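**Q** I'll drop the sequence and a predicted model, then ask my questions.
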Amino acid sequence: MSKQQLIDQAIAIRERAYVPYSKFQVGAALVTSSGKVYTGCNIENAAYPVTCCAERVAIFKAIADGETDFVEMAVVADTERPVPPCGSCRQVMSEFFPSDMQIHLTNLHANTMTIKMEDLLPFSFQKSDMEK
Ligand SMILES: O=c1ccn([C@H]2C[C@H](O)[C@@H](CO)O2)c(=O)[nH]1
Ligand SMILES: [Zn+2]
């Protein structure tokens, strides 16, 4: 699975976004250590805050399927710059992704930025912070 193949999967699933409110489609594709790819699109709701972002849909699909080890992710939206994940998604990513995991953020013009988890959410609250 090349970086471009992963981005292509994110672009494809983006078409399934349920976005009657924002009309802003986002797609994500997540690779597990077992080599599987889990994809996600954003799913909105009439009660706006209930919306789930594409990144979390992909992560939660994988977790529910028993996959907990992740190696790479791609996220795409029709943005001017590579799409920046929201704060809630960054926190969920930091729960499951290794600090050196690479996340490819891109747009429909192939402007791509690859960033490590620890740089996407530095000084993040972790499970270990609750253990003295
Ligand atoms: O990285 C992002 C940013 C936004 N959204 C979604 C949430 C909402 O449906 C719409 C507008 O915020 O885009 C994502 O899925 N991922
Ligand atoms: Zn988000």
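**A** In hand now; what should we look at? Since the model is a prediction, treat every value here as computed from it, not as a measurement. Numbers count the residues shown, from 1 in each chain. Ligands and ions are numbered 1, 2, ... in the order given.
**Q** the helix or strand C89 falls within: which residues count as buried?
**A** Mapping C89 onto the secondary structure by DSSP states H and E places it in helix 87-96. Counting neighbours by 16 or more other CB atoms under 10 Å, one finds that the buried residues in helix 87-96 are C89, R90, V92, M93, S94, F96. Every residue, glycine included, has its C-beta placed from N, CA and C.
**Q** OK, contacts around the last one?
**A** The reference is to F96. Under the criterion of CB atoms under 8 Å, 6 or more residues apart in numbering, the neighbours of F96 are I59, I63, T68, F70.
**Q** any idea which of those residues is closest to ligand 2?
**A** Distance to ligand 2 across these (CB to the ion) is lowest for I59, with 10.3 Å.
**Q** and M1, what's its pLDDT?
**A** Each residue has a pLDDT score; the one for M1 is 88.
**Q** wait, doesn't it sit right on T32?
**A** No: using CB atoms under 8 Å as the test, M1 is too far from T32 to be in contact (10.5 Å).
**Q** ok, the two, which is more surrounded?
**A** Neighbours of M1 and T32, each counted by other CB atoms under 10 Å, are more numerous for T32; the result is 17 against 13.
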